[in-house]
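# okay, structure incoming, though there's no sequence with it:
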């Protein structure tokens, strides 16, 4: 799970970096509570949704 989250984060971090101001930083914690390991596509889609939601809050 850790490897899947890290890969999805690295692929999508450009979404946050485009909008980030020079001295602004984000502290994000991802928690997964489940028995079945999800597929990478599901994690990647969720990660993109979370990042776009963070951008909209600003």
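Arrived safely. Note that this is a predicted model, so its numbers are computed, not measured.
# show me what contacts the residue positioned nearest the centre of the chain?
Centrality entry for the chain: nearest residue to the mean C-alpha point is residue 47, 3.7 Å, by C-alpha atoms, centre = their mean. When contacts are counted by C-beta atoms under 8 Å, 6 or more residues apart in numbering, residue 47 is found next to 5, 8-9, 11-12. Glycine gets a C-beta too; all of them are placed from N, C-alpha and C.
# and it, what pLDDT?
Looking at residue 47, its pLDDT is 93.
# contacts for the helix or strand where residue 13 lies, please.
With elements taken from DSSP states H and E, the one containing residue 13 is helix 2-19. Contacts of helix 2-19 with the rest of the structure, by C-beta under 8 Å, 6+ apart, involve 26, 30, 32, 37-38, 40, 43-44, 46-48, 51-52, 54-55, 58.
# what residues sit buried inside that helix?
Neighbour counts using 16 or more other C-beta atoms under 10 Å place 4-5, 8-9, 12, 15-16 of helix 2-19 among the buried residues.
# repeat for stretch 24-43
The neighbour-count criterion (16+ other C-beta under 10 Å) identifies residue 43 as the buried residues of stretch 24-43.
# and it, end to end?
25 Å (C-alpha to C-alpha, to the nearest Å).
# show me where pLDDT drops low in the chain?
Applying pLDDT under 70 to the chain picks out residues 20, 22-23, 58.
# and with 80 instead?
Within the chain, the set of residues satisfying pLDDT under 80 comprises 19-26, 57-58.
# before we move on, back to that, ok, then the element right after the helix holding residue 13?
On the C-terminal side of helix 2-19, the closest following helix or strand by DSSP H and E is helix 40-57.
# okay, the angle between that following helix and helix 2-19?
Here helix 40-57 points in a direction 30 degrees away from that of helix 2-19 (axes from the mean of the first three to the mean of the last three C-alpha atoms, to 10 degrees).
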